[in-house]
Every structure is written in C-alpha cells, then in structure tokens.
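> Predicted model, plus sequence, below.
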Amino acid sequence: MNAIDQTMKQLRTSKRAAFIPYLTVGDPSLTATLDLLLELQNAGADMIELGVPYSDPLADGPVIQEASMRALRNQVSVIDVIGLAKLARQAGVHIPLILFTYYNPILKAGLGQVFKLMHESSIDGVIVPDLPIEESSRVRAHCSEFSIHYIPLVAPTSRERVKMIADKASGFIYCVSSLGVTGQRQQFHQDIEAFLREVRKATSLPIVVGFGISSPEQYRTFAKLADGVVVGSAIVQQVGANLALLENPESYSRGIHHIKAFISTLIGKQTTPF
Ligand SMILES: O=P(O)(O)OC[C@@H](O)[C@@H](O)c1c[nH]c2ccccc12
C-alpha cells in the first residue's frame, strides 16, 4: 500500500483531514527548503507537495510565480527537486511527498528517468496541473510501474468530466476550490460544497481541496468538507516575507521560526515561544 493510502486511512480513523502544504523547492535555497520540510513535518503536515519551479506557471498567481523566479535564479531543476526529496528522506522526512510539476519540465528531463529517480527518492505521488487526463496515459503508465499515485485536479467547471477523471486517478482527487489561478482569496466558488459532494459521489478515493486557503477559519471550514486541505500561496508568501532573515545565517533560524509560527496558527496548533 502506497504511503499516501496509509496516511489517508489513518486520518480517516482519527477523523481528521490531511494538512498538505505546498512549497516551491529552492525558494530561497535548497537548504531552506530542506529545513522547511522538516519544520512542516514537525508542525503537523501529513504530506507535502514539492513544487518544481517553472518559467511559465500558467495556473499560478503572483506569489508562486515570484517564488518560482527566485528558485530559478538558483537554476533548480526537476532533477534537483527529486534529489532534494532523497536528502529529505535521509534527514528524517517520513511523510508522503508529492511531486508537483508542470508537464514540460518532466517531458524535457525524460519521463523514464524522472520516474525512476522519483521511485529512488520514495516520492509517493505526482500532480501535473497542465496535463489533461486525455493526454496522461504515458505519465500514468510510469506511475503504475513504480506504484506512484497519479493525482488529477478537478475544477468546479469540469463537473461532467469528474467521473472520467476520477476513474483514472489514484491516491486522492485534488478539487480546486475556485476558478482562476492559485493565490489567497476571500471568496470561493459559489457552490463549492455541492461540487465537493458531487466529486465524493464519483469516487471512493479521498478528496482534497486547495486554492486560496489562507486563514485558520478557511482551513477549519474546508477540513470539515474534505479529507485533506492544501495550502500553498499563504505559506510561500511567508517565505517571501522572511527572505532577508532566511538569506542571512545570523537570522536564518528566526526566519524559519516565523514561518513555523504562521503554519501553527493556520492549522490551529499552539507554537512554542522562540
Ligand atoms: O496557492 P494556493 O492558493 O494555496 O493553492 C494551492 C496551490 O498552491 C498548489 O496546490 C498549487 C501550486 N501550483 C498550482 C497550480 C495549479 C493547481 C494547484 C497548484
């Protein structure tokens, strides 16, 4: 059984939604990302989305776009991201890791090579937001070869496609809460609850919701409606806000602590004083 399945099974027993943070890997450095992975795990993350920086992130808002540009200044490639996952495993990150990448970087790196390396790094799932399910057979074949879950996105506008997408999915279904691009928001799609109920009817897989979730209230609301909640931009924004601290060895741990405090508040855990 894949680690994602085990985690979702345990969470179902304890009646708790998975907390799934997203980070842009290499922002502002690979070292900082490695430390943040450990901090996220300590703060209560149940799985983590490892974002591959990309020059044309069409589904991303300004926060993740800027994070991608910062990481690309360090020339972070999809191979570097997979290599970091391996280092994270050696450093004690044991929760499931999901590679989050646009299609171009893995196509250019070679799907066979990418999936072999992902397997060696114990990466448990992959999300490719710009790969339509109709064109995903090659990626899904590589996923099956290494028992890596292929996690598709479904949007409130793709209702008639939900069943077809769900039938080709594994791990969980990623339901985006709103139309448009990633980024913190006050409003979500007007009938998001009905949409989540429809997705639940179309699959026996866990359903996870993401897009725009950035406050403890929003987190609590969605944690009741889904089996997992993804938070990306709000956390990536905290990395951007603490860049100066993170880029100076003297204040680095203070920067990490600020991000950790934000996450603890977001998911409703008490923080230890610095
Ligand atoms: O950033 P947000 O609004 O919290 O949404 C999650 C998102 O970051 C992450 O899952 C993601 C990053 N890039 C994406 C592109 C498409 C869909 C989802 C994503």
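Alright, I've got the coordinates.
> Leaving out sequence neighbours, find the closest residue to the residue of the stretch 151-274 of the chain found nearest the ligand.
In the stretch 151-274 of the chain, the residue that lies nearest the ligand is residue 232 (2.0 Å; C-beta to the nearest ligand atom). All C-beta atoms are positioned from the backbone trio N, CA, C, and that covers glycine. Nearest non-adjacent residue to residue 232, counting by C-beta to C-beta, 6 or more residues apart in numbering: residue 22, 3.3 Å away.
> In three-state terms, label the one you found for me.
Taking DSSP: H, G, I helix; E, B strand; the rest coil as the rule, one finds residue 22 in the strand state.
> Measure how buried it is and give me the count.
22 (other C-beta atoms under 10 Å).
> And the residue of the stretch 151-274 of the chain closest to the ligand, how far from residue 166?
Distance of residue 232 to residue 166, computed by C-beta to C-beta, to the nearest Å: 23 Å.
> The two: which has the busier surroundings?
residue 232 (28 against 20).
> thought that one was touching residue 61?
No - here residue 232 does not reach residue 61: they are 9.5 Å apart, not a contact under C-beta atoms under 8 Å.
> shared neighbours, the two?
residue 182 (C-beta atoms under 8 Å, 6 or more residues apart in numbering).
> got the residue ranges for the strands in the stretch 101-250 of the chain?
For the stretch 101-250 of the chain, the strands defined by DSSP state E, counting those that start in this stretch cover 125-127, 149-150, 153-154, 173-176, 207-210, 228-231.
> Run through who's touching the first one.
To tie it back to what came earlier, the one meant is strand 125-127. 2, 4, 47, 49, 96-101, 118, 139, 143, 148-153, 171, 174.
> residues of stretch 77-90 that come out buried?
Neighbour-count burial for stretch 77-90 flags 77, 78, 79, 80, 81, 82, 83, 84, 85, 88, 89 (criterion: 16 or more other C-beta atoms under 10 Å).
> Columns secondary structure, distance to the ligand and pLDDT on top of these, output as JSON lines?
Listed next are the buried residues of stretch 77-90 as JSON lines, based on DSSP: H, G, I helix; E, B strand; the rest coil; distance: C-beta to the nearest ligand atom, whole Å; pLDDT from 0 to 100:
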{"residue": "77", "secondary structure": "coil", "distance to the ligand": "17", "pLDDT": "98"}
{"residue": "78", "secondary structure": "helix", "distance to the ligand": "14", "pLDDT": "98"}
{"residue": "79", "secondary structure": "helix", "distance to the ligand": "19", "pLDDT": "98"}
{"residue": "80", "secondary structure": "helix", "distance to the ligand": "18", "pLDDT": "98"}
{"residue": "81", "secondary structure": "helix", "distance to the ligand": "13", "pLDDT": "98"}
{"residue": "82", "secondary structure": "helix", "distance to the ligand": "17", "pLDDT": "98"}
{"residue": "83", "secondary structure": "helix", "distance to the ligand": "20", "pLDDT": "98"}
{"residue": "84", "secondary structure": "helix", "distance to the ligand": "17", "pLDDT": "98"}
{"residue": "85", "secondary structure": "helix", "distance to the ligand": "17", "pLDDT": "98"}
{"residue": "88", "secondary structure": "helix", "distance to the ligand": "18", "pLDDT": "98"}
{"residue": "89", "secondary structure": "helix", "distance to the ligand": "22", "pLDDT": "98"}
